[in-house]
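Chemist: need the 3D shape of this:
(one chain, ligands or ions: 1)
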Amino acid sequence: MSVHKEIKKITTNTLQAMKQRGEKIAMLTGYDYSMATILDDAGIDVVLVGDSASNVMAGHETTLPITLDQMIYHASSVVRAVNRALVVVDLPFGSYQGNSKEALNSSIRIMKESGAHAVKMEGGLEIAESVSRILAAGIPVMGHLGLTPQSIYKFGTYTVRAKEEAEADKLREDAIKLQELGCFSIVLEKIPAKLAQEVSQSLSIPTIGIGAGQYCDGQVLVIHDMLGINKGFRPRFLRQYASLYDVMNEAIQAYIKDVKAKDFPSEKEQY
Ligand code: KIV
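Modeler: As a prediction, the model looks like this:
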């Protein structure tokens, strides 16, 4: 008789229930099979296939260059690794801003070709029609307000957003609108903790913060940043849980030394 291990999968309803019972949601980015295996085995609730892949995987300065095909490649690699977590995929710049039909088509491609569970998109009122259309097709949508990196050339800097009352008011309205449209969650990026607290308390859907303080319903970080793979990126909001750059650098240097010294492979390491 075969024994099937029951794995309880995280769904958008699970996240809603977590907010209701006050359990924080842990989300991290993931872009490839091996990292996603580690994330899922460790028990992460949500893997975000973020368009930050453009920065940390491809070395671009911004998130703008990454394409829909490249996002689908990353997402399908992650989906193959994940048994339990919810997999959310960023709609990349240029794949949804044109019109709601384009937004729907891009979302359908992500869901169909990668097997992911939801999409994320940046913006509020201005993308309402697209959000509605995607939701009407049965695709769960996560919103993203505050610092929205796809608009970096409009903002001009990556500094904290919504410090002024007018921008804070717009963010409050956008958050309510996204909830009314049916988004299952909203990322709040780099806004004052007090504003994030107020927005989180005013919504019934969970907020996930990055640089938005302790009162969000969950937190997200870019995996390369929190593992210390990116040397030199140390914004105030980042807690670095490991120094993998140094660990990997040392291991690679040790390998180089062993090869040069004809110490590797040894007799035991050959056939
Ligand atoms: O692309 C990304 O990694 C993100 C997170 C920073 C929220 O959108």
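
Chemist: the nearest residue to K101 once chain neighbours are set aside and S107: what is the separation?
Modeler: Among residues not flanking K101 along the chain, R133 sits closest, at 7.5 Å (CB to CB, 6 or more residues apart in numbering). C-beta coordinates here come from the backbone N, C-alpha and C atoms, glycine included. Applying CB to CB, to the nearest Å, the value for R133 to S107 is 9 Å.

Chemist: picking that back up, using CSV, write out every CA atom in the helix or strand that contains the residue nearest to K101.
Modeler: Under the criterion of DSSP states H and E, R133 resides in helix 128-136. What follows is helix 128-136, C-alpha atoms only, in CSV (Å, rounded to 0.1, in the frame of the first residue of the first chain):
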residue,chain,number,x,y,z
ALA,A,128,-8.8,49.2,-12.2
GLU,A,129,-10.3,48.1,-15.6
SER,A,130,-7.4,45.6,-16.1
VAL,A,131,-7.7,44.3,-12.6
SER,A,132,-11.4,43.7,-13.0
ARG,A,133,-11.0,42.0,-16.3
ILE,A,134,-8.3,39.6,-15.0
LEU,A,135,-10.3,38.8,-11.9
ALA,A,136,-13.4,38.2,-14.0
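
Chemist: nearest residue to the middle of this protein?
Modeler: What sits nearest the mean C-alpha location of the chain, by CA atoms, centre = their mean, is L48, with 3.1 Å.

Chemist: so what pLDDT did the residue of the chain found nearest the ligand get?
Modeler: Per CB to the nearest ligand atom, G50 is where the chain lies closest to the ligand, at 2.4 Å. pLDDT, G50: 98.

Chemist: same check on the one 5 residues further on?
Modeler: Looking at N55, its pLDDT reads 97.

Chemist: ok, the one 3 residues further on next?
Modeler: On the pLDDT scale, A58 is placed at 98.

Chemist: name the helix or strand for the residue nearest to the centre of the chain, please.
Modeler: strand 46-49.

Chemist: done for today, thanks.
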